[in-house]
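A.B. asks: Make a model of this:
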Amino acid sequence: MSATIVLFRHDLRLADNPALEAAHETGPVVPVYIHAPDEEGSWKPGAASRWWLHQSLRSLDTSLRNIGSRLIIRTGPTLAAIRDVVRETAATSVFWNRRYEPAVIERDRLLKSELKKQGLRTESYNASLLFEPWEVETKQGRPYQVYTPFWNAVKDRPLPKPSPAPHQLTAPRNWPNSFDLAALELEPRIDWAAQMRKQWTPGEKGAVERLKRFTTVVDDYADGRNRPDYDGTSSLSPHLHLGEISPRTVWHATVGDSVGVEIYHKELVWREFAYHLLYHFPHTAEQPLRTDFTRFPWRNDAIALRAWQRGLTGYPMVDAGMRQLWTTGWMHNRVRMVVASFLVKHLLLSWKEGARWFWDTLLDADLASNTLGWQWSAGCGADAAPYFRIFNPVAQGEKFDTNGDYVRRWVPELKNIPNKFIHKPWEYIAELKNYPRPVVDHSAARARALEALATITKS
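C.D. replies: Reported below is the predicted structural model:
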C-alpha cells in the first residue's frame, strides 16, 4: 500500500486534523514539516514565534511517536523537499491543510500544479477556520467589511464537531531521513525566553490543558476580559496561531447560554473575520484598506518609537503592556488596543511600525489578526475605530486597572505610588528618578492627531 505525505504547517496537532485524518484512512502516513521561511514573503516568522515553533514541533514529534509514527523535518524549497521525500518513500499522495496568507496561497498553488504534473494526488483541507473565506458573503456576493453583519451571518451556522486524534498511524515501509530540530535554529542564541518557558506550555497537550482551565471560567468572560490585572481571558491565541488546537474544538468546548460564552464566541469570530479579510484583500498586509490613508502624514521619530517599544513612554498603562509583551511574548487584548492607539495617535507613528514590532515579539503573531488589529486602531481598515477616537491612556488605566496591580507588576518603579496617582505619577512626584515623564502631553497629542487627520479628509 502506497504512503501519503502529510505536510504539517500551522496545524501542529493530531486531533481534528483533516489532512492527517484523510491520510490515515488511505494507509501509511509520512508526517513531514518543511521549514521554508523565505517562502512567506516579507512576513517570515518573528523571533517569539520561532521560539514557540521549536517547542511545538518537539511536542508534535513526541505525540506522533506515541502512536507509532514520527515527524520528518526538512528545509525548503518546499517543492524540492517534497520531491525528495516522495522519492525516498514511494509516496503517491501529498495532503495538507490550507493556509491563507497571500504568499503562502501562491506557493501552495504552485505546489499543487507541479505535484500533479508529477502524477501525485494532492488534497488540501480546512483546519484553521470555522468557515472558508469563500463560504461567507453578503447578499450581493461580496466579502463582508463590517464585523456585526459578518457575525450575524455565521453565528447560527451548523459547525461539525471536532474529530478525535488517531490512536495509531501506519508507518511507511521505509522512513526517510530527518533533520535534527536544532538544525532549524529556531531558538535564540541568547536565552531571553526564560519567562516564556515559565508561563507557557507550547504544543497540543498544553493547548488542551489551557482550554480545560478556561471552560471553568468562561461564564465570567464578559466581566473579566477587559481587566489586565485579572486572568480572565483564554490565552489560547498562541496555541491557535500554530494550530495546536482547532477553533472548532474551542467553539464546541465553550458552550452555554451565558453572556460570557456569547462574547467569547464573538472574539473567535473576530479571528475568523480577520482571516476572511486578508484572503479577500491580500494587499492589506502592507497597505491600508482605506486608500485615503496612504496620504496620511505619519512621522518618523526613532527615539519615540524606541520609547514605545521598550515601555518608557511615561504612561504607566502603555509601558506595562509593552514590558509584558517583551517579557512574556503576550499582551492582554485591552492593553493591545491602548498601546496601539498610543503609537498611531499620540506618537503619530505608522501602524506598520507597530505591526512589525508585534510580529517579532508576539507569540500569537497571526498575519491576519495582526493586520486587522493595527488597521482597526489606526482607523484605516475594515470596521475600524474612527481615527478621532483616541484612547486616553490615563483614563484607560483608571478604568481597567483601578488599583494599579497590573502596572505595579510590570513597572516596578511605580510600586510605591498611591493608587490615586498610579496612572499619572507625574502629578504625585514631578520628577521620578527611575521613570520617565510622559514623552508627549495627551491633550497636545490629541490635537496634533486630529490636525493630521484633517489633512486627508479635506483633500
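A.B. asks: Quick one: mean pLDDT over the strand ranked longest in the chain.
C.D. replies: If you go by DSSP state E, the chain has its longest strand at strand 29-35. Here the mean pLDDT over strand 29-35 is 99, rounded to a whole number.
A.B. asks: what sits up against that strand?
C.D. replies: Contact partners of strand 29-35, identified using Cβ atoms under 8 Å, 6 or more residues apart in numbering, comprise 3-9, 20, 23, 57, 60, 64, 69-76, 78, 81-82, 85, 89, 91, 169-172, 175-176, 184. C-beta here means a position set from N, CA and C on the backbone, and glycine is covered the same way.
A.B. asks: Can you select the buried ones among those for me in ChimeraX?
C.D. replies: In ChimeraX, the members of the contacts of strand 29-35 classed as buried (16 or more other Cβ atoms under 10 Å) are selected with the following command:
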select :3,4,5,6,7,8,9,20,23,57,60,64,69,70,71,72,73,74,75,78,81,82,85,89,91,169,170,172,176,184
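A.B. asks: for the stretch 51-200 of the chain, what spans make up the strands?
C.D. replies: Secondary structure of the stretch 51-200 of the chain by DSSP state E, counting those that start in this stretch: the strands cover 72-75, 93-97, 121-125.
A.B. asks: Would you mind putting these into a markdown table with mean pLDDT and distance to Ser42 alongside?
C.D. replies: Rendered in a markdown table, the data for these read as follows (pLDDT from 0 to 100; distance: least, Cβ to Cβ, whole Å):
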| stretch | mean pLDDT | distance to Ser42 |
| --- | --- | --- |
| strand 72-75 | 99 | 20 |
| strand 93-97 | 99 | 23 |
| strand 121-125 | 98 | 24 |
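A.B. asks: Among those, show me which one is buried the most.
C.D. replies: With neighbours defined as mean count of other Cβ atoms under 10 Å, the strands of the stretch 51-200 of the chain peak in mean count at strand 93-97, which reaches a mean of 24.
A.B. asks: Residues contacting it, please?
C.D. replies: Strand 93-97 is contacted by residues 2-7, 9-11, 17-20, 22-23, 26, 82, 86, 108, 111, 115, 120-128, 243 when judged by Cβ under 8 Å, 6+ apart.
A.B. asks: Give me the distance between it and the centre of its chain.
C.D. replies: Using Cα atoms, centre = their mean, to the nearest Å, we find the averaged C-alpha position of strand 93-97 to lie 24 Å away from the chain's own average C-alpha position.
A.B. asks: And for stretch 99-109?
C.D. replies: With Cα atoms, centre = their mean as the basis, stretch 99-109 stands 17 Å off its chain's centre.
A.B. asks: Stretch 308-320 now?
C.D. replies: Centroid separation between stretch 308-320 and its chain, computed with Cα atoms, centre = their mean, is 22 Å.
A.B. asks: Please apply the same query to stretch 297-304.
C.D. replies: 26 Å.
A.B. asks: that's a helix at Tyr275, yeah?
C.D. replies: Yes - under DSSP: H, G, I helix; E, B strand; the rest coil, Tyr275 sits within a helix.
A.B. asks: how much space is there between Trp351 and Val344?
C.D. replies: Shown here: Trp351 relative to Val344, a distance of 5 Å by Cβ to Cβ, to the nearest Å.
A.B. asks: what residues are shared contacts of these two?
C.D. replies: Shared contacts of Trp351 and Val344, defined by Cβ under 8 Å, 6+ apart, comprise Trp374, Ser377, Ala378.
A.B. asks: Among those residues, which one lies nearest to His280?
C.D. replies: For the shared contacts of Trp351 and Val344, the minimum distance to His280 (Cβ to Cβ) is 17.8 Å, reached by Trp374.
A.B. asks: okay, that closest one: pLDDT?
C.D. replies: Trp374 carries a pLDDT score of 97 in this model.
A.B. asks: and it, what is it in contact with?
C.D. replies: Contacts here follow Cβ under 8 Å, 6+ apart; on that basis Trp374 touches Ala340, Val344, Trp351, Lys352, Gly354, Ala355, Phe358, Gly381.
A.B. asks: how near is it to Arg323?
C.D. replies: In terms of Cβ to Cβ, Trp374 sits 20 Å off from Arg323.
A.B. asks: Map the structural domains onto the sequence of the chain.
C.D. replies: 1-126, 129-159+204-280, 291-457 (automatic domain parsing).
A.B. asks: want to throw those into JSON lines with distance to Asp180?
C.D. replies: Converted to JSON lines, the domains of the chain look like this (distance: least, Cβ to Cβ, whole Å):
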{"stretch": "domain 1-126", "distance to Asp180": "8"}
{"stretch": "domain 129-159+204-280", "distance to Asp180": "20"}
{"stretch": "domain 291-457", "distance to Asp180": "23"}
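A.B. asks: Nearest to Ile190, out of those?
C.D. replies: With Cβ to Cβ, the closest approach to Ile190 among those belongs to domain 1-126: 10.6 Å.
A.B. asks: so how far is the closest one from its chain's centroid?
C.D. replies: With Cα atoms, centre = their mean as the basis, the mean position of domain 1-126 lies at 20 Å from the chain mean.
A.B. asks: Compare the domains of the chain and give me the one nearest Pro188.
C.D. replies: Among those, domain 1-126 comes nearest to Pro188, with 6.5 Å by Cβ to Cβ.
A.B. asks: and stretch 223-231, C-alpha only, in PDB?
C.D. replies: Included here for stretch 223-231 are C-alpha records, laid out as PDB according to Å, rounded to 0.1, in the frame of the first residue of the first chain:
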ATOM      1  CA  ASP A 223     -16.800  40.700  33.300                       C
ATOM      2  CA  GLY A 224     -13.100  39.700  33.300                       C
ATOM      3  CA  ARG A 225     -12.000  40.000  29.700                       C
ATOM      4  CA  ASN A 226     -11.100  43.800  29.900                       C
ATOM      5  CA  ARG A 227      -9.100  43.600  33.100                       C
ATOM      6  CA  PRO A 228      -5.400  43.100  32.500                       C
ATOM      7  CA  ASP A 229      -4.800  42.600  36.300                       C
ATOM      8  CA  TYR A 230      -7.100  39.500  36.200                       C
ATOM      9  CA  ASP A 231      -6.600  36.200  34.400                       C
END
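A.B. asks: Can you give me the buried ones in that stretch?
C.D. replies: Counting neighbours by 16+ other Cβ under 10 Å, one finds that the buried residues in stretch 223-231 are Arg225, Asn226, Arg227, Pro228, Asp229, Tyr230.
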